[in-house]
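[1] Need the 3D shape of this:
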Amino acid sequence: MKTLWMLAALASASAWGADFRPEDFGARADGSTLDTAAIQAAIDRAAGQGGTVVLSKGTYLSGSVFVKSGVTLRIDKDATLRGSQRLQDYPVMPTRIAGIETSWPAALVNVYREHNASITGEGTIDGDGKVFWQSFWDLRKAYEPRGLRWAADYDAQRPRLVQVYDARDVKLGGGLLLKRAGFWTVQLVYSDGVTVDGVTIRNNEDGKGPSTDGIDIDSSRNVLVQHADISVNDDALCLKAGRDSDGLRVNRPTENVVIRDVLVREGAAGVTFGSETSGGFRNIEAYNITVEGRVPVGILFKSAHTRGGLGQDIRLHDIKLNNIPVVFRVTMNWNPSYSYARIPDGIDPVPPIWKVLATPVPRERGMARLRDVQVWNIEARGARTVFEVEGFPEAPLERFSFSKLDIQAEQGGSLRYVRDWKFSDNKIQLTGSPVQVAPESSVTGL
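    Model prediction:
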(Lines give C-alpha, C1' and ligand atoms only; values in the text may rest on other atoms or scores of the structure.)
Protein backbone atom coordinates (compact mmCIF):
# COMPACT_ATOMS: atom_id res chain seq x y z
CA MET A 1 0.00 0.00 0.00
CA LYS A 2 2.86 2.41 0.84
CA THR A 3 4.28 1.84 -2.66
CA LEU A 4 0.99 2.94 -4.24
CA TRP A 5 0.94 6.11 -2.14
CA MET A 6 4.50 6.88 -3.16
CA LEU A 7 3.77 6.36 -6.87
CA ALA A 8 0.70 8.56 -6.68
CA ALA A 9 2.67 11.29 -4.98
CA LEU A 10 5.44 11.13 -7.57
CA ALA A 11 2.97 11.29 -10.43
CA SER A 12 1.07 14.29 -9.05
CA ALA A 13 3.98 16.42 -7.86
CA SER A 14 6.66 16.45 -10.49
CA ALA A 15 6.49 20.15 -11.36
CA TRP A 16 8.89 22.69 -9.90
CA GLY A 17 7.37 24.48 -6.95
CA ALA A 18 4.56 21.98 -6.55
CA ASP A 19 2.65 21.29 -3.38
CA PHE A 20 3.26 18.02 -1.57
CA ARG A 21 0.79 16.64 0.94
CA PRO A 22 1.73 14.16 3.65
CA GLU A 23 -1.58 12.36 3.08
CA ASP A 24 -0.22 11.25 -0.29
CA PHE A 25 2.57 9.52 1.61
CA GLY A 26 0.33 7.84 4.17
CA ALA A 27 -0.40 10.51 6.79
CA ARG A 28 -3.71 10.18 8.62
CA ALA A 29 -3.84 13.56 10.41
CA ASP A 30 -6.11 12.02 13.02
CA GLY A 31 -4.10 13.03 16.08
CA SER A 32 -3.38 9.44 17.11
CA THR A 33 -1.47 7.88 14.20
CA LEU A 34 2.22 8.80 14.14
CA ASP A 35 2.70 10.70 10.88
CA THR A 36 6.43 11.40 11.15
CA ALA A 37 7.51 9.16 8.25
CA ALA A 38 4.82 10.49 5.91
CA ILE A 39 5.63 14.14 6.64
CA GLN A 40 9.33 13.51 6.18
CA ALA A 41 8.72 11.63 2.93
CA ALA A 42 6.81 14.65 1.60
CA ILE A 43 9.63 16.97 2.66
CA ASP A 44 12.28 14.76 1.08
CA ARG A 45 10.33 14.62 -2.17
CA ALA A 46 9.88 18.40 -2.20
CA ALA A 47 13.60 18.96 -1.63
CA GLY A 48 15.43 20.14 -4.72
CA GLN A 49 12.19 21.13 -6.46
CA GLY A 50 11.37 24.28 -4.56
CA GLY A 51 8.33 22.45 -3.26
CA THR A 52 5.90 23.26 -0.48
CA VAL A 53 4.75 20.64 1.99
CA VAL A 54 1.21 21.49 3.03
CA LEU A 55 -0.45 20.40 6.25
CA SER A 56 -3.95 21.47 5.36
CA LYS A 57 -6.40 20.13 7.92
CA GLY A 58 -6.37 17.94 10.99
CA THR A 59 -3.87 17.06 13.69
CA TYR A 60 -0.61 15.52 12.52
CA LEU A 61 1.02 13.62 15.40
CA SER A 62 4.75 13.55 14.81
CA GLY A 63 8.24 13.19 16.16
CA SER A 64 11.12 15.21 14.71
CA VAL A 65 10.86 16.35 11.11
CA PHE A 66 13.66 17.98 9.13
CA VAL A 67 12.93 20.73 6.62
CA LYS A 68 15.37 20.53 3.73
CA SER A 69 16.96 23.19 1.53
CA GLY A 70 14.54 24.82 -0.87
CA VAL A 71 11.48 23.50 0.97
CA THR A 72 8.62 25.42 2.54
CA LEU A 73 6.69 23.67 5.29
CA ARG A 74 3.26 25.31 5.37
CA ILE A 75 0.86 24.62 8.22
CA ASP A 76 -2.57 25.95 7.31
CA LYS A 77 -5.08 27.53 9.66
CA ASP A 78 -7.04 24.34 10.33
CA ALA A 79 -3.95 22.17 10.82
CA THR A 80 -1.88 21.32 13.89
CA LEU A 81 1.50 19.64 13.96
CA ARG A 82 1.52 18.08 17.42
CA GLY A 83 4.60 16.61 19.02
CA SER A 84 4.79 13.05 20.21
CA GLN A 85 5.16 12.59 23.95
CA ARG A 86 7.66 9.75 23.43
CA LEU A 87 11.24 10.94 23.71
CA GLN A 88 12.39 8.14 21.38
CA ASP A 89 10.57 9.91 18.52
CA TYR A 90 13.17 12.69 18.66
CA PRO A 91 16.56 11.41 17.40
CA VAL A 92 19.63 12.38 19.41
CA MET A 93 21.92 14.63 17.37
CA PRO A 94 24.83 17.03 17.85
CA THR A 95 23.58 20.48 18.84
CA ARG A 96 24.06 23.13 21.51
CA ILE A 97 21.93 23.20 24.65
CA ALA A 98 22.07 26.08 27.14
CA GLY A 99 25.48 27.10 25.88
CA ILE A 100 27.13 23.65 25.74
CA GLU A 101 27.80 21.56 22.63
CA THR A 102 26.39 18.10 23.22
CA SER A 103 24.14 15.42 21.75
CA TRP A 104 20.49 16.02 22.49
CA PRO A 105 17.06 15.10 21.15
CA ALA A 106 16.20 17.01 17.99
CA ALA A 107 13.37 19.53 18.01
CA LEU A 108 9.92 18.81 16.70
CA VAL A 109 10.66 20.92 13.59
CA ASN A 110 14.27 21.30 12.48
CA VAL A 111 16.21 23.16 9.81
CA TYR A 112 19.49 21.37 10.38
CA ARG A 113 22.48 22.36 8.24
CA GLU A 114 20.24 23.45 5.37
CA HIS A 115 19.60 26.71 3.52
CA ASN A 116 16.76 28.62 1.87
CA ALA A 117 14.00 26.96 3.88
CA SER A 118 10.72 28.26 5.34
CA ILE A 119 8.27 27.25 8.04
CA THR A 120 5.07 29.24 7.66
CA GLY A 121 1.29 29.31 7.78
CA GLU A 122 -1.53 30.27 10.13
CA GLY A 123 -1.72 26.88 11.81
CA THR A 124 -0.27 25.52 15.04
CA ILE A 125 2.90 23.76 16.12
CA ASP A 126 2.09 22.19 19.48
CA GLY A 127 4.82 20.53 21.52
CA ASP A 128 2.32 18.90 23.92
CA GLY A 129 5.15 19.28 26.40
CA LYS A 130 3.60 18.59 29.78
CA VAL A 131 5.14 15.12 30.07
CA PHE A 132 8.60 16.63 29.47
CA TRP A 133 7.99 19.42 31.98
CA GLN A 134 7.18 16.81 34.60
CA SER A 135 10.33 14.84 33.82
CA PHE A 136 12.35 17.98 34.53
CA TRP A 137 10.59 18.71 37.81
CA ASP A 138 11.05 15.10 38.91
CA LEU A 139 14.78 15.21 38.15
CA ARG A 140 15.25 18.54 39.90
CA LYS A 141 13.52 17.16 42.98
CA ALA A 142 16.07 14.34 43.05
CA TYR A 143 19.09 16.48 42.11
CA GLU A 144 18.77 19.59 44.26
CA PRO A 145 19.37 17.89 47.63
CA ARG A 146 22.62 16.53 46.13
CA GLY A 147 23.84 19.95 45.01
CA LEU A 148 23.15 19.16 41.34
CA ARG A 149 20.75 21.93 40.37
CA TRP A 150 23.22 22.96 37.65
CA ALA A 151 23.00 19.53 35.97
CA ALA A 152 19.22 19.16 35.80
CA ASP A 153 18.67 21.22 32.63
CA TYR A 154 21.19 19.08 30.77
CA ASP A 155 20.25 15.65 32.10
CA ALA A 156 16.47 16.06 31.75
CA GLN A 157 16.47 15.82 27.96
CA ARG A 158 13.45 17.50 26.42
CA PRO A 159 12.66 18.37 22.80
CA ARG A 160 12.61 21.96 21.69
CA LEU A 161 9.79 23.08 19.42
CA VAL A 162 11.73 24.62 16.49
CA GLN A 163 15.49 24.43 15.95
CA VAL A 164 17.42 26.25 13.22
CA TYR A 165 20.95 24.84 13.45
CA ASP A 166 23.99 25.77 11.34
CA ALA A 167 21.64 27.00 8.64
CA ARG A 168 21.29 30.07 6.46
CA ASP A 169 18.52 32.02 4.81
CA VAL A 170 15.66 30.63 6.85
CA LYS A 171 12.20 32.11 7.45
CA LEU A 172 9.78 31.27 10.24
CA GLY A 173 6.38 32.85 10.82
CA GLY A 174 3.47 33.96 8.71
CA GLY A 175 0.99 33.77 11.58
CA LEU A 176 2.02 30.51 13.25
CA LEU A 177 0.91 29.66 16.77
CA LEU A 178 3.73 27.95 18.67
CA LYS A 179 2.71 26.41 21.97
CA ARG A 180 3.49 23.99 24.80
CA ALA A 181 7.16 23.57 23.92
CA GLY A 182 8.84 20.76 25.83
CA PHE A 183 11.89 22.99 26.29
CA TRP A 184 12.85 26.17 24.38
CA THR A 185 10.36 27.25 21.74
CA VAL A 186 12.56 28.67 18.95
CA GLN A 187 16.34 28.27 19.03
CA LEU A 188 18.52 29.77 16.30
CA VAL A 189 22.01 28.24 16.62
CA TYR A 190 25.13 28.97 14.56
CA SER A 191 22.91 30.33 11.79
CA ASP A 192 23.09 33.25 9.35
CA GLY A 193 20.25 35.17 7.76
CA VAL A 194 17.21 34.08 9.78
CA THR A 195 13.91 35.95 9.87
CA VAL A 196 11.23 35.25 12.48
CA ASP A 197 8.21 37.28 11.41
CA GLY A 198 4.70 36.77 12.72
CA VAL A 199 4.56 34.21 15.51
CA THR A 200 2.43 33.86 18.61
CA ILE A 201 4.05 31.85 21.41
CA ARG A 202 2.01 30.36 24.24
CA ASN A 203 3.66 28.02 26.73
CA ASN A 204 1.22 28.35 29.61
CA GLU A 205 -1.38 25.73 28.75
CA ASP A 206 -1.44 22.65 30.98
CA GLY A 207 0.50 24.49 33.67
CA LYS A 208 3.85 26.24 33.83
CA GLY A 209 6.41 24.78 31.46
CA PRO A 210 9.92 25.19 32.95
CA SER A 211 12.62 26.73 30.76
CA THR A 212 10.14 27.35 27.96
CA ASP A 213 12.02 30.29 26.45
CA GLY A 214 10.36 32.12 23.58
CA ILE A 215 12.99 33.00 20.96
CA ASP A 216 16.67 32.26 21.65
CA ILE A 217 19.22 33.76 19.26
CA ASP A 218 22.31 31.68 19.97
CA SER A 219 25.70 32.50 18.39
CA SER A 220 23.93 33.52 15.19
CA ARG A 221 24.21 36.51 12.91
CA ASN A 222 22.08 38.65 10.61
CA VAL A 223 18.82 37.89 12.40
CA LEU A 224 15.51 39.76 12.27
CA VAL A 225 12.73 39.07 14.79
CA GLN A 226 9.51 41.02 14.39
CA HIS A 227 5.75 40.88 14.93
CA ALA A 228 5.77 38.40 17.81
CA ASP A 229 3.32 37.98 20.70
CA ILE A 230 4.98 36.02 23.49
CA SER A 231 3.78 34.41 26.71
CA VAL A 232 6.31 31.98 28.22
CA ASN A 233 7.75 30.88 31.54
CA ASP A 234 11.37 31.89 31.08
CA ASP A 235 13.21 34.35 28.83
CA ALA A 236 10.90 35.75 26.15
CA LEU A 237 13.44 37.31 23.77
CA CYS A 238 16.93 36.11 24.58
CA LEU A 239 20.37 36.57 23.09
CA LYS A 240 22.90 33.86 23.93
CA ALA A 241 26.47 33.00 22.95
CA GLY A 242 27.81 29.99 24.85
CA ARG A 243 28.56 28.97 28.41
CA ASP A 244 31.82 28.88 30.34
CA SER A 245 34.78 26.86 29.05
CA ASP A 246 32.85 25.35 26.15
CA GLY A 247 31.43 28.68 25.04
CA LEU A 248 34.87 30.29 25.27
CA ARG A 249 36.29 27.45 23.17
CA VAL A 250 33.65 27.88 20.45
CA ASN A 251 33.90 31.69 20.68
CA ARG A 252 31.07 32.57 18.29
CA PRO A 253 29.24 35.85 18.90
CA THR A 254 25.64 36.77 18.35
CA GLU A 255 25.79 39.77 16.04
CA ASN A 256 23.83 41.97 13.65
CA VAL A 257 20.43 41.37 15.22
CA VAL A 258 17.25 43.45 15.03
CA ILE A 259 14.28 42.74 17.31
CA ARG A 260 11.21 44.95 16.84
CA ASP A 261 7.44 45.20 17.10
CA VAL A 262 7.01 42.60 19.83
CA LEU A 263 4.54 42.21 22.69
CA VAL A 264 5.76 40.28 25.74
CA ARG A 265 2.92 39.24 28.05
CA GLU A 266 4.67 36.77 30.34
CA GLY A 267 8.26 35.70 30.87
CA ALA A 268 11.41 36.27 32.91
CA ALA A 269 12.14 39.59 31.17
CA GLY A 270 11.18 41.61 28.14
CA VAL A 271 14.61 41.49 26.48
CA THR A 272 17.41 39.34 27.93
CA PHE A 273 21.13 39.06 27.22
CA GLY A 274 22.62 35.87 28.68
CA SER A 275 23.20 34.14 30.88
CA GLU A 276 25.25 32.42 28.16
CA THR A 277 27.56 35.31 27.20
CA SER A 278 30.88 33.58 26.38
CA GLY A 279 31.02 34.35 22.65
CA GLY A 280 29.83 37.91 23.13
CA PHE A 281 27.27 40.20 21.46
CA ARG A 282 27.72 43.04 19.03
CA ASN A 283 25.55 45.28 16.91
CA ILE A 284 22.21 44.44 18.53
CA GLU A 285 19.13 46.66 18.26
CA ALA A 286 15.77 46.13 19.97
CA TYR A 287 12.88 48.58 19.69
CA ASN A 288 9.10 49.01 19.54
CA ILE A 289 8.64 46.45 22.31
CA THR A 290 5.80 46.44 24.82
CA VAL A 291 6.12 44.44 28.04
CA GLU A 292 3.12 43.92 30.28
CA GLY A 293 1.59 41.31 32.53
CA ARG A 294 3.60 38.81 34.57
CA VAL A 295 7.13 39.90 33.70
CA PRO A 296 9.52 40.85 36.56
CA VAL A 297 12.16 42.79 34.55
CA GLY A 298 12.01 44.95 31.45
CA ILE A 299 15.63 44.82 30.24
CA LEU A 300 17.96 42.19 31.68
CA PHE A 301 21.66 41.44 31.32
CA LYS A 302 22.76 38.33 33.22
CA SER A 303 26.03 36.43 33.38
CA ALA A 304 28.35 34.72 35.87
CA HIS A 305 32.04 34.88 36.77
CA THR A 306 32.75 31.76 34.67
CA ARG A 307 31.04 32.94 31.46
CA GLY A 308 33.25 35.59 29.93
CA GLY A 309 32.46 37.34 26.67
CA LEU A 310 32.16 40.93 25.47
CA GLY A 311 28.89 42.72 24.73
CA GLN A 312 29.14 45.98 22.81
CA ASP A 313 27.30 48.26 20.41
CA ILE A 314 23.86 47.48 21.83
CA ARG A 315 20.89 49.82 21.22
CA LEU A 316 17.64 49.50 23.14
CA HIS A 317 14.91 52.05 22.52
CA ASP A 318 11.22 52.80 22.22
CA ILE A 319 10.21 50.25 24.84
CA LYS A 320 7.05 50.49 26.95
CA LEU A 321 6.84 48.76 30.33
CA ASN A 322 3.48 48.50 32.06
CA ASN A 323 3.57 47.48 35.73
CA ILE A 324 6.94 45.74 35.38
CA PRO A 325 8.69 45.70 38.79
CA VAL A 326 12.28 46.36 37.63
CA VAL A 327 13.04 48.54 34.62
CA PHE A 328 16.73 47.72 34.06
CA ARG A 329 18.83 45.01 35.68
CA VAL A 330 22.43 43.86 35.21
CA THR A 331 23.56 40.92 37.33
CA MET A 332 26.96 39.32 36.86
CA ASN A 333 26.47 36.62 39.48
CA TRP A 334 23.19 35.22 38.26
CA ASN A 335 21.60 32.16 39.91
CA PRO A 336 24.70 30.60 41.52
CA SER A 337 23.11 27.17 42.08
CA TYR A 338 22.63 26.92 38.32
CA SER A 339 25.63 28.89 37.10
CA TYR A 340 28.45 27.13 38.94
CA ALA A 341 29.01 23.40 38.55
CA ARG A 342 30.67 21.44 41.31
CA ILE A 343 30.69 17.66 41.04
CA PRO A 344 30.07 16.07 44.46
CA ASP A 345 32.48 13.48 45.79
CA GLY A 346 31.64 9.86 45.15
CA ILE A 347 30.16 10.24 41.64
CA ASP A 348 31.52 7.45 39.44
CA PRO A 349 31.42 7.51 36.50
CA VAL A 350 31.11 11.24 35.96
CA PRO A 351 28.92 12.04 32.92
CA PRO A 352 30.95 13.72 30.14
CA ILE A 353 28.76 16.82 30.07
CA TRP A 354 29.27 17.27 33.81
CA LYS A 355 33.02 17.37 33.21
CA VAL A 356 32.54 20.08 30.59
CA LEU A 357 30.30 22.12 32.86
CA ALA A 358 32.74 21.81 35.77
CA THR A 359 35.86 22.78 33.77
CA PRO A 360 37.42 25.73 35.64
CA VAL A 361 37.60 29.14 33.98
CA PRO A 362 40.20 31.62 35.23
CA ARG A 363 38.54 34.69 36.69
CA GLU A 364 40.22 37.04 34.23
CA ARG A 365 38.59 35.10 31.36
CA GLY A 366 35.34 34.47 33.19
CA MET A 367 34.24 38.04 33.77
CA ALA A 368 31.83 39.18 31.07
CA ARG A 369 32.35 42.75 29.89
CA LEU A 370 29.66 45.13 28.66
CA ARG A 371 30.29 48.47 27.03
CA ASP A 372 28.82 50.99 24.60
CA VAL A 373 25.16 50.38 25.37
CA GLN A 374 22.63 53.05 24.38
CA VAL A 375 19.17 53.17 25.95
CA TRP A 376 16.55 55.77 25.01
CA ASN A 377 12.82 56.39 24.81
CA ILE A 378 11.88 54.00 27.60
CA GLU A 379 8.44 54.56 29.10
CA ALA A 380 7.67 52.77 32.37
CA ARG A 381 4.59 53.01 34.56
CA GLY A 382 3.95 51.21 37.82
CA ALA A 383 7.57 50.13 38.38
CA ARG A 384 8.99 49.28 41.78
CA THR A 385 12.68 49.92 41.00
CA VAL A 386 14.44 51.64 38.11
CA PHE A 387 17.95 50.18 38.36
CA GLU A 388 19.40 47.01 39.85
CA VAL A 389 22.92 47.10 38.42
CA GLU A 390 26.20 45.59 39.59
CA GLY A 391 29.28 44.88 37.49
CA PHE A 392 32.61 43.36 38.49
CA PRO A 393 35.13 45.47 40.43
CA GLU A 394 37.83 44.43 37.93
CA ALA A 395 35.56 44.86 34.90
CA PRO A 396 33.04 47.68 35.41
CA LEU A 397 30.18 48.20 32.99
CA GLU A 398 31.44 50.88 30.64
CA ARG A 399 29.93 53.68 28.57
CA PHE A 400 26.20 53.19 29.00
CA SER A 401 24.05 56.16 27.96
CA PHE A 402 20.42 56.81 28.93
CA SER A 403 18.27 59.51 27.35
CA LYS A 404 14.60 60.40 27.12
CA LEU A 405 13.60 58.02 29.88
CA ASP A 406 10.03 58.59 31.08
CA ILE A 407 9.75 56.49 34.22
CA GLN A 408 7.44 56.46 37.23
CA ALA A 409 8.66 54.18 40.01
CA GLU A 410 8.76 53.74 43.75
CA GLN A 411 12.56 53.86 44.10
CA GLY A 412 15.62 54.53 42.02
CA GLY A 413 17.61 51.45 42.97
CA SER A 414 21.38 51.26 42.70
CA LEU A 415 24.37 51.40 40.37
CA ARG A 416 27.58 49.67 41.38
CA TYR A 417 30.82 49.08 39.46
CA VAL A 418 29.84 51.21 36.47
CA ARG A 419 32.15 53.56 34.57
CA ASP A 420 31.37 56.54 32.38
CA TRP A 421 27.58 56.25 32.49
CA LYS A 422 25.79 59.27 31.07
CA PHE A 423 22.21 60.46 31.59
CA SER A 424 20.50 63.25 29.65
CA ASP A 425 17.00 64.64 29.07
CA ASN A 426 15.27 62.15 31.36
CA LYS A 427 12.13 62.31 33.49
CA ILE A 428 12.37 59.86 36.38
CA GLN A 429 9.64 60.36 38.99
CA LEU A 430 10.13 58.51 42.27
CA THR A 431 7.93 58.24 45.35
CA GLY A 432 10.78 56.85 47.46
CA SER A 433 14.58 56.83 47.55
CA PRO A 434 16.68 58.12 44.65
CA VAL A 435 19.18 56.13 42.61
CA GLN A 436 22.12 55.16 44.83
CA VAL A 437 25.45 55.43 43.00
CA ALA A 438 28.26 53.50 44.68
CA PRO A 439 31.48 55.48 45.33
CA GLU A 440 33.57 53.42 42.92
CA SER A 441 31.23 54.27 40.02
CA SER A 442 31.38 57.22 37.59
CA VAL A 443 28.05 58.66 36.50
CA THR A 444 27.11 62.04 35.01
CA GLY A 445 23.76 63.74 34.46
CA LEU A 446 21.70 61.67 36.92
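[2] Need the residues that contact whatever helix or strand residue 193 lives in.
    Residue 193 is part of strand 192-202 when elements are defined by DSSP states H and E. Defining contact as C-beta atoms under 8 Å, 6 or more residues apart in numbering, one finds that strand 192-202 is touched by 164, 167-180, 185-186, 188, 214-215, 220-232. Where you see a C-beta, it was placed from the backbone N, CA and C, and this is true even at glycine.
[3] Repeat that for stretch 438-446.
    393, 396, 414-424, 426, 435, 437.
[4] Just the buried subset of those, please.
    Among those, those classed as buried by 16 or more other C-beta atoms under 10 Å are 396, 414-419, 421, 423, 435, 437.
[5] Inside strands: which ones of the contacts of strand 192-202?
    In strands, defined here by DSSP state E, the members of the contacts of strand 192-202 are 164, 168-179, 186, 188, 215, 221-231.
[6] Emit the ChimeraX select command for whichever of those residues are buried.
    The buried residues among the ones in strands among the contacts of strand 192-202 can be selected in ChimeraX (16+ other C-beta under 10 Å) with this line:
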select :164,168,169,170,171,172,173,174,176,177,178,179,186,188,215,221,222,223,225,226,227,228,229,230,231
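[7] following the top helix by length along the chain, which helix or strand shows up next?
    Looking across the chain with DSSP state H, the single longest helix is helix 130-143. Using DSSP H and E, the helix or strand that follows helix 130-143 in sequence is helix 149-155.
[8] Check the separation of the first and last residues in stretch 160-172.
    15 Å (C-alpha to C-alpha, to the nearest Å).
[9] likewise stretch 320-337?
    First-to-last residue span, stretch 320-337, C-alpha to C-alpha: 32 Å.
[10] Pull the distance from that stretch to the chain's centre.
    17 Å (C-alpha atoms, centre = their mean, to the nearest Å).
[11] so for it, what's the average pLDDT?
    Confidence over stretch 320-337 (mean pLDDT, whole number) is 98.
[12] Counting neighbours, show which residues of it come out buried.
    Those would be 320-321, 324-332, 334, for stretch 320-337 by 16+ other C-beta under 10 Å.
[13] ok, now stretch 84-96?
    84-85, 87, 89-90, 93, 95-96.
[14] So for that stretch, mean pLDDT?
    98.
[15] ok, back up a step: for the longest helix of the chain, name the packing helices and strands.
    helix 149-155 (3 or more C-beta pairs under 8 Å, 6 or more residues apart in numbering; DSSP states H and E).
[16] Show me the contact partners of the helix it packs on.
    97-98, 100, 102, 136, 139-140, 143-144, 211, 337-342, 351, 353-354, 357.
[17] The helix or strand containing residue 415 packs against which elements?
    Using DSSP H and E, residue 415 falls within strand 406-416. If you count contacts as 3+ C-beta pairs under 8 Å, 6+ apart, strand 406-416 packs onto strand 326-331, strand 369-390, strand 427-430, strand 436-437.
[18] What strands flank the strand holding residue 193, and is each parallel or antiparallel?
    Paired strands of strand 192-202, with direction, are strand 168-179 (parallel), strand 221-231 (parallel) (DSSP bridges).
[19] Bridged to the residue nearest the centre of the chain, which residues?
    What sits nearest the mean C-alpha location of the chain, by C-alpha atoms, centre = their mean, is residue 216, with 1.9 Å. On the basis of DSSP bridges, residue 216 takes part in beta bridges with residue 187, residue 238.
[20] Contacts only, for it.
    184, 186-188, 235, 238-240.
[21] same thing but at 10 Å, please
    98, 160, 163, 184-189, 234-235, 237-240, 254, 272, 276 (C-beta atoms under 10 Å, 6 or more residues apart in numbering).
[22] what does residue 247 give?
    Here residue 247 is in contact with 96, 99-101, 219, 240-241, 276-280, 306-309, 361 (C-beta under 10 Å, 6+ apart).
[23] Check which helix or strand it maps to.
    Using DSSP H and E, the element containing residue 247 is helix 244-250.
[24] coming back round to it: from the contacts of helix 149-155, which land in helices?
    Counting by DSSP H, these contribute 136, 139-140, 143, 337-339, 353-354, 357 to helices.
[25] Can I have the buried ones of those as a PyMOL selection?
    Paste this into PyMOL to select the buried members of the ones in helices among the contacts of helix 149-155, with burial taken from 16+ other C-beta under 10 Å:
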select buried, resi 136+139+140+143+339+353+354+357
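[26] List just the nearest of the ones in helices among the contacts of helix 149-155 to residue 315.
    residue 339 (27.2 Å; C-beta to C-beta).
[27] Please determine how far the closest one is located from residue 357.
    Applying C-beta to C-beta, to the nearest Å, the value for residue 339 to residue 357 is 10 Å.
[28] Ok, residue 208 next?
    25 Å.
[29] repeat for residue 115
    32 Å.
[30] now do residue 154
    7 Å.
[31] quick one: common contacting residues for the two?
    98, 100, 102, 341, 351.
[32] And the closest residue to the last one other than its chain neighbours, what's its pLDDT?
    Translated: residue 351. Closest residue to residue 351 apart from its sequence neighbours, by C-beta to C-beta, 6 or more residues apart in numbering: residue 155 at 7.4 Å. In the prediction, the pLDDT value recorded for residue 155 is 98.
[33] repeat for the one 5 residues further on
    Note on residue 160: pLDDT of 98.
[34] does it really touch residue 98, like I thought?
    No. In this structure, residue 160 is not within contact of residue 98 by C-beta atoms under 10 Å, at 11.0 Å.
[35] where do the contact lists of the two overlap?
    104, 183-184, 187, 213, 216.
[36] JSON lines please, covering the residues you listed and showing distance to residue 346 and pLDDT.
    Converted to JSON lines, the shared contacts of residue 160 and residue 98 look like this (distance: C-beta to C-beta, whole Å; pLDDT from 0 to 100):
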{"residue": "104", "distance to residue 346": "27", "pLDDT": "98"}
{"residue": "183", "distance to residue 346": "30", "pLDDT": "98"}
{"residue": "184", "distance to residue 346": "32", "pLDDT": "98"}
{"residue": "187", "distance to residue 346": "35", "pLDDT": "98"}
{"residue": "213", "distance to residue 346": "34", "pLDDT": "98"}
{"residue": "216", "distance to residue 346": "35", "pLDDT": "98"}
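[37] Relative to residue 128, which of those residues is nearest.
    residue 183 (12.7 Å).
[38] so is the closest one in a helix, a strand, or just coil?
    coil (DSSP: H, G, I helix; E, B strand; the rest coil).
[39] Tell me who's in contact with it.
    With C-beta under 10 Å, 6+ apart, residue 183 has these contacts: 97-98, 104-105, 107, 127, 129, 132-133, 136, 153, 156-161, 209-213, 234.
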